[in-house]
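>>> got a structure for you, letters missing:
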């Protein structure tokens, strides 16, 4: 039994807040009529996910989530929206009325199946821990075990940056 | 490369020079005249709205109701009226209205006045909530002053 | 429109109202908005010699949304009048207007028989709270106008009156 | 109060992850603009990373692995967003116009 | 290069009259009268000489013809009077010279477009005037030669209703966009 | 038409600068067609402060038009006074006493300094610096005090009369003017250190807003704008009026054609104006300040007359057409900024928004003078 | 009823932090107005309270009672949440800042990262507010803010990485702890780590100015160009909250600079360290920020990017390489 007026209790309550933020954000992101609101919803969802990461004993990833997703990805998407927003509304009207309900049904089934799977499976915790998953451990494994993937990711990022620059510049030869 | 560094250094130096100047002014005394508490001296030639001049002997306005100021005024803001009275030479001023809200303070009226019966007042801080307050009855004003 | 129809508070607290009035009167943010000659004197009033800042009124905001008082400094032409009205409408309540200079009061020296271009006074467009005559008025007069407006808001004058000898 | 310790339960995270994933799929189908789909894709990725993180916390013997994976997902997602957006911009530049007529101007 | 040379070139370009005025008295050196169709040629001459445009304006000569006629009538009357007096003085009978009042339609009043040019290097202010009837106030634009004339011509159009044929954008400049009045015409009433 | 075909044309949007905008120094409106932050087209829209000066001229007597001249260019009102009284004096053949001309030049040049100081401050304000504005205003107040002690007003002077000036100066004025010259000379290095040599300002003005000499000619630009483009044109030297031929001063000319050149021209002109005032104070003759035989009602003979003066912004010309009556038949006011601004549309094509605003500031606009 | 003392401590800190942020915002406005006035040889706010000290109060009263216009055509939801999105992360950042060795709400191991993460949300708020208000000036301004922040984040982070390398931790308290014992231990004078440390401080300071949109990098509300920039459509307290957020960000920026370079709460002479030294250093930096604001003209947008890409980024990389080399060698 956990009382509400302890740190654990409050943090449990806060957890609900983050959960709600995540799900509400996600729903806004997919259902809002204007794109800019979807992005705002996405940002909220990411903030909620960051909170969840915090509860998963990983403040570093939580902060990286905020830094990268909220601070960079969302901002980038808003930029794209600024350039393309107005043509969005016109499109929404012309669509098959069946797609929406069908998509809802399909994803509902998917969620149901996945959630069922998650709840029914007997998860066995790890027998022993190699380390505690702190930032130091993370850094060490990034630069030792996963150094190859780390380097590859950097190359991917570099290529992505160059590629997007090339693509975005393409139409503007002035 | 050398130009690049030189530009950085000279540019940064110019920024520090600027900061030096402003901080020097920061410690210098202020030049503000705190208006409602202290006032600037008005120059004798300051042009406020016009006023009638009193004849020192009779206590009446010097104005002879010739209407020159009314004619000279570019914006028609002066109305002068007078009447003949028994026993007085010339006309006697009955009304001298100045619509100050149209005045451009050019001074043509004062110049055109041969008997020097109008002059500039020193009212430099007029402000109020009623627009009609600035249609002055100068005769009344002169009487109120006495 | 104008200052008359501020929504009355649901519960009337005289003291609170006084405090609000005091707050509003001492934090009059004018709009960066000059029309003609008087605008220069408006700038001069904000400058070191006269320093409008002493009354907390130096925060010239360029956007009408953040202003409390519009100082109409100069002639309003008929072409400009719709824009001035729009600016007035864009200001949030409570808002005040100061007509600075003769042109803003009544069209000033530019009124003549058969004129085709100017609006004869800002009060033809929206209610004006304080009039400052002069062509252009001296900076002291503008300060006096601000004080006059404060008096209008709070109902009393905190500053000494300057008598002109 | 049992619900207050939900945060210490693997299933909670997995269900949230599933929900995010499902909502993302829904959005992917239902949205028809590139940006809308991109947003949904980000949601799907978030659902996946949440699962990684949850397993990492509760089941993994080495609790850095999930974090490393999540970081990689983030990096890939960022790269993906950048590329996708530049494609979108290029597409819009060629086929649509940037219409600012309905941007309400502050008159005056 | 001096004013005399400019004068010759202008005269060659088809100007009706080129008068050298007294600068100290008038403030400009050459007073050129051209017909609207020769305006562009005259302005081109100035452009080639490196003049810059100072201003374009108009003058409404409403009532000028009537005044002119009145003047000639008065002159004629005065002459007649003088003659009559002379005759009277000579003791002759006054000759029966009836004052010959011109009848018939007055010629139509004109609008005048005035162009001022000046030179950066030497002092030679050239004033070009061109006249057109009030009912058809049309004059070719010079904004293709002097882009600066664009605004001046728009302003003149605002004030006088003179139509600058070929002007790229002849909409009101100083008056409101929808203004259809021309305030500096002498018969303008608001 | 397919969507593809109009893609290039519609990538722009329209940005309305003004009529109320902090950068336009009044009520100018500029319709900018922008591509991102680049300006594709700029179209100034005038007339928001059109005050019918030319119409008023036809409705008033020659003398009654005098106050209007002070309100066209309120920053250099005395030059406008000067232009108007000169043309009427030329038309009516009125001789002006020498002392009056000296006073005209002294006050007018002081007024020019005050105008340049205000421009300096406002220009730096456009560029985002605030304090130089107030330093300039501090100096300007001294000039205004001086001029007020002569003319009675601070801004919209109406000091000159046909045949002379309204008031004579007194000894205090001479002392004050000399003291002011000394003070301002002492302050100029501060301005240069604080502003001119500042790297940010240099980066913003150097090679920004080029206006070629040919463009000046085609648009009729005068004043510091054309002098910043290497054209040595100053009405005070070009067609000397008043007592300027007797004064020893230079016309600052810069060849760079950019905003910095125009800035430097004006800053140097302050010094030249101070020199003129100093010389005029030295040479100031005794005598009346008003001609004796000025008729009460002026009726210049028929004909048209022109007179140009150099204001702080360029050549101001007045063309009057007299029909011999006591009112002008036609009064054309050729204002310098009108021509200077007309080149703006062409000059700022392809520029970035902040540069275009720096260019606009460097043109030194006084809107009531443009709209008249 | 049992209430955990930890909660009370948290609540106290939360209230304290919010009060600190709000008070700072209010009185920094006063400081800014006063300092500007004195630089310009004016008096500044004076008539309201002694030295005009009540000026922020009356401004606050006025702003709070001002009509909050939601103009027609704006996106009302975004328009309203944007100021919150600017203000909340700013307050969150305060949580991790150690004002002295004991006065810290939450001593995170990765406090430095937390501050940068929260700071990045700020941009989102501005962007949403600007786009939500549907005003061209606001949109241009927001676009500028983002490009500016992206451009300046690079040299800033490179400089910070240099410092993290020197300190070996991202815990702010530990970073200060390593600099204790007089000004010669401060990172700004840590010549043994890299001879370019004062330059690094300058770079950090410049980047901080740019990140907080202060002059001469105040592209966002370049008055003469974009009216009031992103806040053009905001009135009353909507504007007030943005304003407070701006000043809170300045306080955070100055605090981080103090912690990273100026030894936090360390006394310059190695005696009596404490929170007062922290505040003195922080307010001195803020004073400088304001001083700069009232001295220089504004840079242009491309000038700003040029500065970042051509000067700050190369130098900060040189510093990074130099530092890592010296760390390896010594």
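Structure received. Model, not experiment: these values are computed from the prediction.
>>> for the residue of the stretch 1-150 of chain G found nearest chain A, give me its contacts.
Among all residues of the stretch 1-150 of chain G, residue G:120 sits closest to chain A, at 2.6 Å; criterion: CB to the nearest CB. Every C-beta, even on glycine, is put in place using the N, C-alpha and C of the backbone. Residue G:120 makes contacts with A:66, A:67, A:70, A:71, A:72, G:149, as judged by CB atoms under 8 Å, 6 or more residues apart in numbering or on different chains.
>>> show me where the stretch 101-250 of chain G has helices.
Along the stretch 101-250 of chain G, the segments classed as helices by DSSP state H, counting those that start in this stretch run G:111-132, G:136-167, G:172-177, G:197-211, G:223-226, G:236-261.
>>> show me which helix or strand of chain G is least confident by mean pLDDT.
helix G:223-226 (a mean of 66; mean pLDDT, DSSP states H and E).
>>> related to what we said a few turns ago, now, the most widely separated pair of the contacts of residue G:120?
Of all pairs drawn from those, the widest gap by CB to CB lies between A:66 and G:149 and measures 14.7 Å.
>>> those two: which has the busier surroundings?
Of the pair residue A:66 and residue G:149, residue A:66 is the one with more neighbours under other CB atoms under 10 Å in any protein chain shown, namely 28 against 23.
>>> got phi/psi on the more buried one?
Residue A:66 has phi and psi values of phi -60, psi -50 when expressed as degrees, to the nearest 10.
>>> please apply the same query to residue B:131.
phi -70, psi -30.
>>> again, but for residue F:31
phi -90, psi 110.
>>> against which helices or strands is the longest helix seen in chain A packed?
Secondary structure of chain A read by DSSP state H shows that its longest helix is helix A:7-31. If you count contacts as 3 or more CB pairs under 8 Å, 6 or more residues apart in numbering or on different chains; DSSP states H and E, helix A:7-31 packs onto helix A:35-55, helix D:10-30, helix D:34-58, helix G:5-39.
>>> try it again with 10 Å
helix A:35-55, helix A:99-120, helix D:10-30, helix D:34-58, helix G:5-39 (3 or more CB pairs under 10 Å, 6 or more residues apart in numbering or on different chains; DSSP states H and E).
>>> contacting residues for residue E:110?
Shown in contact with residue E:110 (CB atoms under 10 Å, 6 or more residues apart in numbering or on different chains): E:59, E:60, E:61, E:62, E:64, E:65, E:130, E:131, E:132, E:133, E:134, E:137.
>>> roughly how far apart are the last one and residue F:166?
Shown here: residue E:137 relative to residue F:166, a distance of 42 Å by CB to CB, to the nearest Å.
>>> now, the contacts of residue E:110 that are in strands?
E:59, E:60, E:130, E:131, E:132, E:133 (DSSP state E).
>>> give me the neighbour count for the second one.
Other residues near residue E:60 come to 26 when the count uses other CB under 10 Å.
>>> now it: how far from chain C?
15 Å (CB to the nearest CB, to the nearest Å).
>>> the residue of the stretch 201-330 of chain G found nearest chain D: how many residues sit nearby?
Residue nearest to chain D within the stretch 201-330 of chain G: residue G:232 (6.0 Å; CB to the nearest CB). The tally of other residues near residue G:232 (other CB under 10 Å) stands at 26.
>>> okay, it: pLDDT?
Looking at residue G:232, its pLDDT is 76.
>>> please report how far it lies from residue C:130.
27 Å.
>>> residue E:66 against residue E:106, yeah?
Yes: the criterion here is CB atoms under 10 Å, and residue E:66 meets it with residue E:106 at 6.1 Å.
>>> all helices for chain B, in order.
In chain B, the segments counted as helices under DSSP H are B:2-26, B:68-72, B:108-112, B:138-145.
>>> where among those is the average confidence lowest?
Comparing mean pLDDT across those, the weakest is helix B:138-145, with a mean of 81.
>>> buried set for that helix?
Of the residues in helix B:138-145, B:138, B:139, B:142 count as buried by neighbour count, 16 or more other CB atoms under 10 Å in any protein chain shown.
>>> and that helix with chain C, contact?
No: contact between helix B:138-145 and chain C is absent, the nearest approach being 11.2 Å (criterion: CB under 10 Å from any CB of the partner chain).
>>> which pLDDT value goes with residue 43?
Here I'm looking at chain A. For residue A:43, the predicted pLDDT is 88.
>>> oops, chain G please
85.
>>> grab the nearest non-local neighbour of it.
residue B:32 (4.9 Å; CB to CB, 6 or more residues apart in numbering or on different chains).
>>> how about the helices of the stretch 101-250 of chain G, which one is nearest residue D:27?
Of all those, helix G:111-132 sits nearest to residue D:27, with 19.8 Å by CB to CB.
>>> pLDDT of that closest one, averaged?
On average, helix G:111-132 scores 84.
>>> do stretch G:269-284 as well
81.
>>> which residues touch it?
Residues outside stretch G:269-284 that contact it (CB under 10 Å, 6+ apart): G:24, G:28, G:31, G:97-103, G:176, G:180-186, G:250-259, G:261-268.
>>> ditto for stretch A:121-131
Under CB under 10 Å, 6+ apart, the answer for stretch A:121-131 is A:137-138, A:140-141, D:10-11, D:14, D:54-56, D:58-65.
>>> and for residue C:115, the neighbour number?
Per other CB under 10 Å, the neighbour tally for residue C:115 reads 18.
>>> that one is in contact with residue C:108, isn't it?
No: with contact defined as CB under 10 Å, residue C:115 does not count as touching residue C:108 (11.3 Å).
>>> and for the two, which residues touch both?
Common neighbours of residue C:115 and residue C:108 (CB under 10 Å, 6+ apart) are residue F:51.
>>> quick one: residue G:9 from residue A:15, how far?
20 Å.
>>> helix or strand: which one has residue F:79?
Element membership for residue F:79 (DSSP states H and E) is helix F:77-92.
>>> and if you look at residue F:138?
helix F:131-151.
>>> that helix - contacts with which helices or strands?
Packed next to helix F:131-151, using 3+ CB pairs under 10 Å, 6+ apart, are helix B:2-26, helix C:37-46, helix F:77-92, helix F:98-126, helix F:171-191, helix G:5-39.
>>> name the next helix or strand downstream of that helix, please.
strand F:160-161.
>>> in chain G, what residue lies closest to chain C?
Closest point on chain G to chain C, by CB to the nearest CB, is residue G:61, at 3.1 Å.
>>> that residue - how many residues pack around it?
19.
>>> what residues are up against it?
C:19, C:20, C:21, C:22, C:23, C:24, C:26, C:27, G:54.
>>> could you redo the last one with a cut-off of 6 Å?
Residues in contact with residue G:61 (CB atoms under 6 Å, 6 or more residues apart in numbering or on different chains) are residue C:23.
>>> so which strand or helix has it?
Counting by DSSP H and E, residue G:61 is part of helix G:55-65.
>>> show me the shaky parts of chain B.
B:146 (pLDDT under 70).
>>> select the longest strand from it.
Max-length strand for chain B by DSSP E is strand B:91-99.
>>> domain assignment for chain B?
Structural domains annotated on chain B: B:1-31, B:50-145, as defined by automatic domain parsing.
>>> need the contact partners of stretch G:40-47.
B:25, B:30-32, C:48, C:51, C:53-56, F:131, F:134, G:33-34, G:37, G:52, G:55.
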